[in-house]
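>>> Got a predicted model here, sequence first, then my questions.
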Amino acid sequence: MAATIVSTPATGSSDWTGWITQQGLTDRGFMQVSLTNFATTAASSIAAGSIMELAGSIYSCTETAISLAAGTASADVAVYYVAIPSAGGTTCTFTMDSVAPTWVDAKQGFYASAASTSRYLGGTYIGITAATYYTKFIYTPDMVFGYLLPSGKTRPLLKKVIEIGDWNMDGTALTVITHGFPNHTKIRRIDVLIRHDNDTSLYDLESMVDNENTTVMSGGVRIIGVSVLHLVRTINQLFDNTSFDSTSYNRGWVTIEYEA
């Protein structure tokens, strides 16, 4: 099987068919689409001036930005931006859908199915808080095969830093921190830095090397609950002494990594 050349049109009217065929093949898979609010977590619209080819027809957003309907989108899900031609094919609307697309060679694009005219333009992650959008993208020829969103997996990791506040570690083995996450099951890592009373040094809560060069567990995160987490220090280890007993003093910071 070999590629077939399409004739180059000449002056005669009989060559218009060849010219139109050439243009149709050149336009296949064409997409020049941009989003509003691309660099923020706010909802995006298809920006004015966007142009796309859908199953052989060219659509242009010439006037104002066109909003993306919610579709199957909700909190805590990966979704795609989908262009849907009308029944008559004269107009096109846009929605967000959590169903993954299919690459169609004949159409040179991602579609709902091989027979569908609904084209997938890009996608985003909706965070654990509804209407918060992360990692927005539009498909381009250089990255179409690397950006299929596996729903529920490989979400972007975000970070939140919380001050510990008062904690007399010498007098109290445990302190409770309110983490403020709507879904604590999205937490993936917690690091805790502790301040010395003289504020000249920072220490990792979980493990330290003592004077004998032996690694000991000086403390850690005991419980990650629905709304709080518990920090503890180990009895008779580094933090169980008067160098860590000051109050009216932020004892340190909790850094939490979590899925969007």
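Everything's here; your move.
>>> Look at Asn241 and report its pLDDT.
Note for Asn241: predicted pLDDT of 88.
>>> burial measure for the spatially closest residue to it that is not a sequence neighbour, as a count.
Nearest non-adjacent residue to Asn241, counting by Cβ to Cβ, 6 or more residues apart in numbering: Asp170, 5.7 Å away. C-beta: built from backbone N, CA, C; applies to glycine. Asp170: 16 surrounding residues under other Cβ atoms under 10 Å.
>>> need the contact list for Asp170.
Going by Cβ atoms under 8 Å, 6 or more residues apart in numbering, Asp170 touches 239-245.
>>> Do a quick rundown of the helices in this protein.
16-27 (DSSP state H).
>>> The residue lying closest to Thr178 once chain neighbours are set aside: how many residues sit nearby?
Excluding the flanking residues, the one nearest Thr178 by Cβ to Cβ, 6+ apart is Val228, at 5.4 Å. As a burial measure, Val228 scores 13 neighbours (other Cβ under 10 Å).
>>> Next: Arg119.
Arg119 has 27 neighbours, counted by other Cβ under 10 Å.
>>> Also Glu53?
The number of residues packed near Glu53 is 21, by other Cβ under 10 Å.
>>> same thing with Leu205?
26.
>>> Report whether the expected contact of it with Ile190 is present.
No: using Cβ atoms under 8 Å, Leu205 is not in contact with Ile190, being 9.5 Å away.
>>> Tell me the residues that contact both of those two, please.
Val221.
>>> quick one: low-confidence parts of this protein?
Counting by pLDDT under 70, the ranges of the chain that qualify are 1-16, 19, 24-25, 63-73, 130, 141-155, 207-217.
>>> what's the domain layout of it?
Structural domains annotated on the chain: 16-146, 157-259, as defined by automatic domain parsing.
>>> How far off centre is the first one?
Think domain 16-146. Domain 16-146 sits 17 Å away from the centroid of its parent chain (Cα atoms, centre = their mean, to the nearest Å).
>>> Begin at 585 from now on, thanks
Done: numbering now begins at 585, and the last item shifts to domain 600-730.
>>> wait, isn't Leu619 in contact with Tyr717?
No: counting by Cβ under 8 Å, Leu619 does not reach Tyr717; the two are 9.8 Å apart.
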